[in-house]
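**Student:** Sharing a sequence plus its predicted fold:
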Amino acid sequence: MKRILFVEDDDISRDLISTRLLRSGYEVVVAEDGYQALDLVSTQTFDLVLLDMSMPRLSGWETARKLRASSATASIPILALSSQAMAAEQKRALDAGCSDFDSKPVNLPRLLGKIEALLEGGEKAAP
């Protein structure tokens, strides 16, 4: 079973999406912010990080940069989530080290397709 670290500060989004991922056959560990995510990746192994970009304390952009900077986590695919669907937002996430980008509100079939592509092909699986 593939393990996903889902980093999301909004309770409703976190509960809804993590439940859907569990039902789709993934093991899901949740973190409420970037600091908690970094703590979790230092002690556990994940196949993918699903990362909200707009979070207080430590943003998704900074979290992605820190994940990429560590040799232990540099190769984990990161799928950015943002309510800002503009091309500039997507470019900003990719420039921070994310492997792919998806917009909120989440379209579950599209999100699952992107997750599957990243898990099968690794980094930059979905352009």
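**Tutor:** Yep, that arrived.

**Student:** Report the contact partners of the residue nearest the centre of the chain.
**Tutor:** By C-alpha atoms, centre = their mean, the chain has its centre lying nearest to residue 50, at 1.7 Å. When contacts are counted by C-beta atoms under 8 Å, 6 or more residues apart in numbering, residue 50 touches 4, 5, 6, 7, 8, 17, 21, 79, 81, 115. From N, CA and C alone the C-beta is placed, and that goes for glycine too.

**Student:** buried residues in the helix or strand hosting the first one?
**Tutor:** Per DSSP states H and E, residue 4 falls inside strand 3-7. The neighbour-count criterion (16 or more other C-beta atoms under 10 Å) identifies 4, 5, 6, 7 as the buried residues of strand 3-7.

**Student:** show me where pLDDT drops low in this protein?
**Tutor:** Within the chain, the set of residues satisfying pLDDT under 70 comprises 122-127.

**Student:** what are the ranges of the helices in it?
**Tutor:** For the chain, applying DSSP state H gives helices covering 11-23, 34-43, 60-69, 87-95, 108-121.

**Student:** by how many degrees do the fourth one and helix 60-69 diverge?
**Tutor:** Relative orientation of helix 87-95 and helix 60-69, computed by axes from the mean of the first three to the mean of the last three C-alpha atoms, to 10 degrees: 30 degrees.

**Student:** got it, and the second one?
**Tutor:** Using the same axes, to 10 degrees, one finds that helix 34-43 and helix 60-69 are set 20 degrees apart in direction.

**Student:** just to revisit the earlier point, turn the contacts of residue 50 into CSV, including distance to residue 95.
**Tutor:** Shown next, in CSV, are the contacts of residue 50 (distance: C-beta to C-beta, whole Å):
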residue, distance to residue 95
4, 23
5, 21
6, 22
7, 18
8, 21
17, 24
21, 26
79, 15
81, 16
115, 21
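
**Student:** which one of those residues is nearest residue 31?
**Tutor:** Checking the contacts of residue 50 against residue 31 by C-beta to C-beta gives residue 7 as the nearest, at 4.6 Å.

**Student:** That closest one bridge partners, please.
**Tutor:** residue 31, residue 51 (DSSP bridges).

**Student:** residues touching it, list them.
**Tutor:** 30-34, 36-37, 49-52, 55, 60, 63.
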